[in-house]
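Asks: got a predicted model here, sequence first, then my questions.
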Amino acid sequence: MLLDVEGVDYGAACTGSGTGDCTDKTNTMCETTCKCTAGSFRKGGTECATRLALKATCVITETSPDQCVADTECKDDGNGAKKCLCKASHYESSSACKPRIVPGVSCAAGQCVTHATCNTTSNKCKCDASFTATPTTCSGVIKVATLSYVLVVPIFDLTARFVGICLVFVVYIAAGVEGAAYGEDCSSAACDDTNNICDTGKTDLCICNTGFFRKTSAAECAARVALNQNCEAAQTSSDQCSIALSECRDDSGTDKCLCETTYYEDGGACVLQKALNSACTNGLPAGQCKDTLAECKDNSGFKCLCKTGNFEKKDGTCAKQIAALNDTCVVSEPAPDQCAVDNAECRTDGTAKCQCKVTHYVNVAACTIRKSPKVSCGSGECVAHASCDTDTSKCVCDAGYDPSPTISPTMCSGVVKIITQPYMYLVPSLVSMLLLLR
């Protein structure tokens, strides 16, 4: 007799893969204990339900903190409805919640951290008045306004009292003044961060001084990096590298400031790479030619030309030559050197292949010029309209064709042969014809 096997309740120890021996099979998995899958939450303590998407209606009284998808929470939408909306630490963008932007970083309206707004001039997050920028937020350190005042202190010197004269000492006291931090208004306060300068007359904000860039990790203005020097790819600043048209990218496992991919280094500057057939300078790095299969070489002047083993396609790029005879090629490509084998060409013989030119025959893996009449031969090696005589093993012109020594190499031309008539019969015949005409 079979007995019913009772399943394992939610939260209890389980065995097996997938849902294992858990009683509830919907949105449940067995991972040491029966629990909800990553994309679900424990609803009302009774079931595992799919987590709610951004802007979906939710229940604030729901005890599960993860009823909404990641980076969202259930709260009032301002119109009395309860919905899954971005947490205060995030803003909505393209139907997703993204971390709010820190001070000094490019932004759009409504994207900055708490106590910061997106400056309409610099388009960067700027701390509100009375708040100071930190690497991740705006702290509520109250700034002390510049203050100078005079205390008039009457001091009665013994001698002065004796003569009835009151001496007055004027004491000037200046309260401590806090300057402006990076990204803050410096129109009425000095920039006090290291390597900062006020962008006077433009944005009137504190910016990095010339030769420095704003780091995103360890928020500070650091010295820009020269070509071929180590940099930090994790830094999002576009001006980390000091040379125009250079960027921070991997170079054999090390991040370095290198010229952008369509530029090459020339005398410490990044110069636009040369197009195919454009003039180039002999001796400069190979990177000056835009096409990676091209190099600077002499051909009536130095130009960027396809490297040996490559050919120029009709679209102006280089491609590898077709290596061997009978390999597939592209008939529409006009380049005469598409086929790597000398004296071969791309033509169609059922399919497009690299084949020997008609003036040549296949000799193992090469193309050899065809043999002229009276030259020792093998089958299929003679010029057009000739064949290899099996008795003499020499090329012989076909019937109706004669060797033409005026052509190099000698070919078999299609001159019609005239039957030779002996002279002794020709002269009497001509005489008889003349007599008849008289």
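Replies: Received, thanks. Numbering: from 1, shown residues only.
Asks: phi, psi of residue 288?
Replies: Reported as degrees, to the nearest 10, the phi and psi values for residue 288 are phi -70, psi -20.
Asks: switch to numbering from 7
Replies: Let's use 7 as the start, then, which means that last one is residue 294.
Asks: that one reaches residue 310, doesn't it?
Replies: Yes - here residue 294 reaches residue 310: they are 7.4 Å apart, a contact under C-beta atoms under 8 Å. The way it works is simple: take the backbone N, C-alpha and C, and place the C-beta from them, glycine included.
Asks: pull up the overlap in contacts between those two.
Replies: 280, 286, 302 (C-beta atoms under 8 Å, 6 or more residues apart in numbering).
Asks: and the gap between the last one and residue 279?
Replies: Relative to residue 279, residue 302 is positioned 11 Å away (C-beta to C-beta, to the nearest Å).
Asks: which residues are in contact with each of the two?
Replies: Residues within reach of residue 302 and of residue 279 at once, by C-beta under 8 Å, 6+ apart, are 294, 295.
Asks: just the strands in the stretch 257-406 of the chain please.
Replies: Counting by DSSP state E, counting those that start in this stretch, the stretch 257-406 of the chain has strands at residues 260-265, 269-272, 275-278, 300-304, 308-312, 316-318, 324-326, 350-355, 357-362, 366-369, 372-375, 392-394, 401-403.
Asks: got the domain ranges for the protein?
Replies: Per the record, the chain has its domains at 106-149+184-229, 376-430, by automatic domain parsing.
Asks: report the central residue of the chain.
Replies: Of all residues in the chain, the one closest to the mean position by C-alpha atoms, centre = their mean is residue 267, 8.3 Å from it.
Asks: what's near enough to touch the closest residue to residue 420 other than its chain neighbours?
Replies: Take residue 420 and drop its neighbours on the chain: the residue closest to it by C-beta to C-beta, 6 or more residues apart in numbering is residue 407, 5.6 Å away. Shown in contact with residue 407 (C-beta under 8 Å, 6+ apart): 391, 392, 418, 419, 420, 421.
Asks: how close does residue 407 sit to residue 400?
Replies: Applying C-beta to C-beta, the value for residue 407 to residue 400 is 15 Å.
Asks: please apply the same query to residue 338.
Replies: From residue 338 across to residue 400, the span is 41 Å (C-beta to C-beta).
Asks: residue 32 is in contact with residue 43, correct?
Replies: No - under the criterion of C-beta under 8 Å, residue 43 makes no contact with residue 32, lying 9.4 Å away.
Asks: find the residues that touch each one of those two.
Replies: In contact with both residue 43 and residue 32: residue 54, using C-beta under 8 Å, 6+ apart.
Asks: what about residue 381, how many neighbours?
Replies: As a burial measure, residue 381 scores 17 neighbours (other C-beta atoms under 10 Å).
Asks: for it, give me its contacts.
Replies: For residue 381, the contacting residues are 400, 401, by C-beta under 8 Å, 6+ apart.
Asks: which residues touch the closest residue to residue 376 other than its chain neighbours?
Replies: Closest residue to residue 376 apart from its sequence neighbours, by C-beta to C-beta, 6+ apart: residue 389 at 4.6 Å. Under the criterion of C-beta under 8 Å, 6+ apart, the contact list for residue 389 reads 365, 376, 377, 378, 379, 401, 415, 416, 417, 418.
Asks: need the worst-confidence member of the residues you listed.
Replies: In terms of pLDDT, residue 415 ranks lowest among the contacts of residue 389, with 75.
Asks: now that one: how far from residue 392?
Replies: 11 Å.
Asks: which residue packs closest to residue 35, ignoring adjacent ones?
Replies: Nearest one to residue 35, counting by C-beta to C-beta, 6+ apart, is residue 43 at 5.1 Å.
Asks: any of the contacts of residue 407 buried? List them.
Replies: 391, 392, 418 (16 or more other C-beta atoms under 10 Å).
Asks: show me where the stretch 307-444 of the chain dips below the pLDDT cut-off.
Replies: 421-444 (pLDDT under 70).
Asks: what about the helices in it?
Replies: Secondary structure of the stretch 307-444 of the chain (DSSP state H, counting those that start in this stretch): helices at 429-443.
Asks: report the secondary structure element holding the residue nearest to residue 73 when sequence neighbours are not counted.
Replies: Sequence neighbours aside, residue 47 is the residue nearest to residue 73 in space, at 4.9 Å (criterion: C-beta to C-beta, 6+ apart). Taking DSSP states H and E as the definition, one finds residue 47 inside strand 46-49.
Asks: distance between that strand and the chain's centre?
Replies: Chain-centre distance of strand 46-49: 41 Å, with C-alpha atoms, centre = their mean, to the nearest Å.
Asks: still on that earlier bit, and the buried ones among the contacts of residue 407 as JSON lines, adding distance to residue 359?
Replies: Listed next are the buried ones among the contacts of residue 407 as JSON lines, based on distance: C-beta to C-beta, whole Å:
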{"residue": "391", "distance to residue 359": "25"}
{"residue": "392", "distance to residue 359": "25"}
{"residue": "418", "distance to residue 359": "27"}
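Asks: tell me which residues in stretch 394-408 are buried?
Replies: 394, 400, 401, 402, 403, 407.
Asks: out of those residues, which is nearest to residue 88?
Replies: Nearest to residue 88 out of the buried residues of stretch 394-408 is residue 394 (C-beta to C-beta; 96.3 Å).
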